[in-house]
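Undergrad: Model the following, please.
(one chain, ligands or ions: 1)
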Amino acid sequence: MGRFFFVPCRLHFQPMDQQQTLSRIQELTEALNEHNHRYYILDEPVISDAAYDVLLRELQELENQNPELMQVDSPTQRVGSLPLSGFEQLKHSTPMLSLSNAMEEEELVSFDVRVRKDLELDQLDYVIEPKLDGLGVELIYVGGVFSAGSTRGDGFTGENITQNLRTLKALPLRLRSNLRPIPAYLEVRGEVFMGHQDFEQLNQRQLDQDKQPFANPRNAAAGSLRQLDSRITASRNLLINLYAAGRIDEFSVDSHMEFIQALKDWGFPVNDRYRLCPNIERVIQFHNQLENERESLDYDIDGTVTKINRLDYQDRMGIRSRSPRWAIAGKFKARQEITKILSISPSVGRTGAITPVANLEPVQLGGVMVARATLHNQDEIDRKDVRVGDTIVVQRAGDVIPEVVKAILDKRLPGSKPYVIPDRCPACDGHVIRLEGEAKHYCQNISCPAQIKGRIEHFVAKRCMDIDGFGTRLVAQLVDTDLIESIADIYTLTLEQLANLDRMAEKSALNIMEAIEISKSADLWRLIHGLGIRNVGEHISKVIANKYGSLSALGGSTVEDLEATHEVGPIVARGLVEFFKESDNLEILEKLSNHGLNPTLDVSARSEGIFSGLSFVFTGKLEYFNRDSARVLVESLGGASANSISKKTDYLVAGPGAGSKMEKANKLGVKILTEAEFRSMVGAD
Ligand code: IVH
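TA: Reported below is the predicted structural model:
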């Protein structure tokens, strides 16, 4: 028990001088951190929550009156602070590696064989731990004080989430030095995750507030940790366990077991389900035991991690490019159950993608009640031949959304019919179509209520209309308060409407109004890109803006005409034509145009030449040209080149080996040229 352990509350408030105040602040800080450790790490609280709160409030008041006296490890800082505008990047001093996976028991055995062969050993100790299903983070302590923390990122550079990590109650703000000296500089790594109960409660709150629930606790933890507003993180009750070292100066232990002990001595939370094993058989035994216990844990684990215990052996094994050769993750098998499909409903996502969802007779699966499972898309339904009324196998793999694995055909009811995704959107009745080469069906209506937030966010984004200040939160506010229902409504917003929104300053509202106004003169490609037409990204938007020069010209084009554009393939062409067929979309374009969004590009400025108005297709092996140089040449002479033959093609230039294109050209009466003839046309012979 530390000397600071029981700190009486001050019952008689007499004025204190600066020195006394400082002592009291230090005393309270130390005591509160100690109680925190007892509560969150040792699970042995010695004072009531109410008594803790009294001390915390006293500290808060003293700090408010004397902000300069606040300690670096003050527990009052766990509540979160003002929002950031973005996360800084933070480079890891040594890369945060990932782990190679063993899906089957045999792979753990061959890992052991390989390792012992390399180390020339008959016997080797391993430590096996649960593989926590959360987010990898790094914590940095300088002089024993929590100084910075980051996400794993790409393994080399992560995001600086210090403010958010500080709100995690189990994270020590100052390390304990009574059992073991504290290295001057210390980096440790671990997992941030969310318990099942907190996950359920959070999702309930999300639903109550009409927000999207999280798919699983890992996503919820990630979403909570990557908040710019750390007060939100603070409200989410995230957990953390440490399990690996980064750079640690002047510190040495011989084994992972000792390292775990050091983590505990310093006051870090460590998952207690680790086990030292003298051989791989015992590792496998414990792996299976954890797999069985998995359902009874109140947090998700998706496997185990087995590490060579001795650090000198770890060093000798070394690392591959991204993962250590001294550790391996053992994955758990997917959890399966049998149940029935009551109905299938198409659900529309934020991009308009339609996902068929099976409504199930509820069944317990890995500790949670499952009532819905994804069927992914029409091909999956067809391949598995899953029907309403079927008895099916459902599984949760990697703890994502449950999926239907297969139908048990013996139990199929007579008279059942294959399921076909309807051709109308369940949210807006717009047309649902599936383009060639796409797995998913999509609702074509850009004003579909299920898609509207995502669509508006895309429209205002930097690489589209670039409306500054129009962030995700504003979009959500505007849609939720019915101020906008489509991208066109952005241009009907008034200053008053914006300024009246929650947490909107007059000045910001003015800036946004100005940004909206400026966007009216955005380039044509930005508007095309902003419409969010399937497969029409920034580059294709520029290509077609250059070719057509206006939205009306683009809207009036045909699949063939579009396909005759270099880089525009059949899928993009069809997607564009379908987009301009949807009457709701045309209505939006008209509204945009009425608001002054009518960008045009002078297409007549393009080069004129002997090939003006002519369209070429190249096929077979060419001797002097490749496809690209031929295309560039044709375009420089005012012509167009396409990949496939259509009625609009004027010439097919065919080299040896030309096949189906030749036949098609013959059928359509397209003139066929040899390469030599083409060369003489361009004067290149
Ligand atoms: S050790 C050098 N131990 O799994 C290996 N990782 O797939 C460093 N993870 O990025 C990691 N539980 O986020 C280790 N007990 C555990 C773990 C664990 C979960 C995560 C970690 C890592 C990922 C690798």
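Undergrad: SS state for the closest residue to the ligand within the chain?
TA: Distances from the chain to the ligand, computed as Cβ to the nearest ligand atom, single out Gly136 as the nearest residue at 2.9 Å. For the C-beta atoms, the positions are set from N, CA and C on the backbone; glycine is no exception. When the structure is split into helix, strand and coil by DSSP: H, G, I helix; E, B strand; the rest coil, Gly136 lands in strand.
Undergrad: Residues of the chain that sit close to the ligand?
TA: Proximity of the chain to the ligand (Cβ under 6 Å from any ligand atom) is limited to residues 97-99, 129, 131-132, 136, 152, 191, 243-244, 305, 324, 327, 329.
Undergrad: Report the buried members of those.
TA: Buried members of the residues of the chain next to the ligand, scored by 16 or more other Cβ atoms under 10 Å, are 97, 99, 129, 131-132, 136, 152, 191, 243-244, 305, 324, 327, 329.
Undergrad: Grab the nearest non-local neighbour of the residue of the chain closest to the ligand.
TA: Once flanking residues are discounted, Gly136 sits nearest to Arg152: 3.8 Å by Cβ to Cβ, 6 or more residues apart in numbering.
Undergrad: could you list every residue that touches that neighbour?
TA: Taking Cβ atoms under 8 Å, 6 or more residues apart in numbering as the contact definition, Arg152 lies against Met96, Leu135, Gly136, Val137, Glu138, Gly158.
Undergrad: Give me the phi and psi angles of the closest residue to Val386 other than its chain neighbours.
TA: Leaving out its chain neighbours, the residue that sits closest to Val386 by Cβ to Cβ, 6+ apart is Ala407, at 4.9 Å. Backbone geometry at Ala407, expressed as degrees, to the nearest 10, gives phi -90, psi 150.
Undergrad: can you pull up the bridge partners for Ala407?
TA: With beta bridges defined as DSSP bridges, Ala407 has these partners: Ile392.
Undergrad: thought it was touching Gly389?
TA: No. Distance between Ala407 and Gly389: 9.7 Å, which falls outside the contact criterion (Cβ atoms under 8 Å).
Undergrad: between the two, who's got more neighbours?
TA: A side-by-side neighbour count of Ala407 and Gly389, using other Cβ atoms under 10 Å, places Ala407 first with 20 against 17.
Undergrad: burial count for Phe625?
TA: Counted with other Cβ under 10 Å, residues neighbouring Phe625 total 20.
Undergrad: what does Asn178 give?
TA: Asn178: 8 neighbours (other Cβ under 10 Å).
Undergrad: and if you look at Ala450?
TA: Should you count by other Cβ under 10 Å, Ala450 turns out to have 22 residues around it.
Undergrad: Before we go further, it is sitting in a strand, right?
TA: No. Counting by three-state DSSP, one finds Ala450 to be coil, located in no strand.
Undergrad: pretty sure it contacts Thr351?
TA: No. Shown here, Ala450 and Thr351 do not form a contact pair, counting by Cβ under 8 Å, at 9.7 Å.
Undergrad: which of the residues in stretch 113-123 are buried?
TA: Counting neighbours by 16+ other Cβ under 10 Å, one finds that the buried residues in stretch 113-123 are Val115, Arg116, Leu119.
Undergrad: Which parts of the stretch 351-500 of the chain are strands?
TA: Taking DSSP state E, counting those that start in this stretch, the strands of the stretch 351-500 of the chain run over residues 353-365, 368-374, 391-396, 403-407, 432-433, 441-443.
Undergrad: For the fourth one, could you pull out the residues that count as buried?
TA: Meaning strand 403-407. For strand 403-407, the neighbour count (16+ other Cβ under 10 Å) marks Glu403, Val404, Val405, Ala407 as buried.
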